[in-house]
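Trainee: Build me a model from this:
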Amino acid sequence: MGVILGIDIGGSSTKIVGLHENGTVIDMLRVKAEDPLTSLYGALGNFLATHSLKLTDIGHIALTGVGASYVEGDIYGLPTCKVGEFSASGTGALALSGQSSAVVVSMGTGTAFLWASPDGIRHLCGSGIGGGTLGGLCHKLVGMERFGQIKKLAESGNLDHVDLTMKDITVHSAPTLDPDMTAANFGDLAEDATPADLAAGVVNLVLPAIGP
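Mentor: Sure thing, here's the model as predicted:
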């Protein structure tokens, strides 16, 4: 049967995972490129070289993601199939969580909300705010766009130097509102706010907007 490659060609990066015939994971890889096809073939070549694999070692390839629409036919003559992005996200989320049904939030370049159940996968709604927003704003503000770097930097940031909170605008907030709740993202930006403060502010802007 050979190695199975799953490739997600997203709006800003391509992710690839390799599986042995028994379903165990070989490795996962993520690459960025200017266009979907460059990203696809770059990820594929990188994965093969890193793990000393040849094309003849690959059994088949499964493509998903918005960029999969740019691919026609089989890749390098290898059996290639396409799986709808929502179907892949919903089915994968249920398999990983062990749940029979769930609301699945797929945070990619943007964000999609899905309902996944034994009856199928249904798109509920979406948002233009997502990982692309986080990476783009942090790239401009602090010179970073990799999520791991942003997370590490933001952990030492202080939101009091960035956001306006309920306690900043009223003495007696409503009983249902925490005084430390954000009233306005970047609404009280200090002139001496550090890169860590700015990164924390972007994270606090993006995640609550898609988390609920």
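Trainee: Which strands or helices does the lowest-mean-pLDDT helix or strand in the chain pack on?
Mentor: For the chain, scoring each helix and strand by mean pLDDT, DSSP states H and E identifies helix 166-169 as the least confident one, at a mean of 87. Here helix 166-169 is seen to pack against strand 182-184 when contacts are counted using 3 or more Cβ pairs under 8 Å, 6 or more residues apart in numbering; DSSP states H and E. Any C-beta I mention is one placed from the backbone N, CA and C, and that applies to glycine too.
Trainee: For the next helix-or-strand element following the strand it packs on, which outside residues touch it?
Mentor: The element immediately downstream of strand 182-184 (helix or strand, assigned by DSSP states H and E) is helix 195-210. Applying Cβ atoms under 8 Å, 6 or more residues apart in numbering, the set of residues contacting helix 195-210 from outside is 105, 107, 111, 127, 129-130, 133-134, 137-138, 141-144, 150-151, 153-159, 161-163, 182, 185-186, 189-190, 193.
Trainee: OK, contacts around the residue nearest to the spatial centre of the chain?
Mentor: Most central in the chain under Cα atoms, centre = their mean is residue 108, positioned 3.5 Å from the mean C-alpha point. Residues near residue 108 by Cβ under 8 Å, 6+ apart: 10-12, 130-132.
Trainee: out of the residues you listed, which are inside helices?
Mentor: Filtering the contacts of residue 108 for membership in helices, criterion DSSP state H, returns 131-132.
Trainee: Of the contacts of residue 108, which is the nearest to residue 178?
Mentor: Minimum distance to residue 178 across the contacts of residue 108 is 25.5 Å, recorded for residue 130 (Cβ to Cβ).
Trainee: Please enumerate the helices of the chain.
Mentor: Chain-ordered helices for the chain, with DSSP H as the definition, fall at 36-50, 85-97, 131-142, 147-154, 166-169, 195-210.
Trainee: related to what we said a few turns ago, in JSON lines: the contacts of residue 108, plus neighbour count.
Mentor: Rendered in JSON lines, the data for the contacts of residue 108 read as follows (neighbours: other Cβ atoms under 10 Å):
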{"residue": "10", "neighbour count": "22"}
{"residue": "11", "neighbour count": "14"}
{"residue": "12", "neighbour count": "17"}
{"residue": "130", "neighbour count": "22"}
{"residue": "131", "neighbour count": "20"}
{"residue": "132", "neighbour count": "20"}
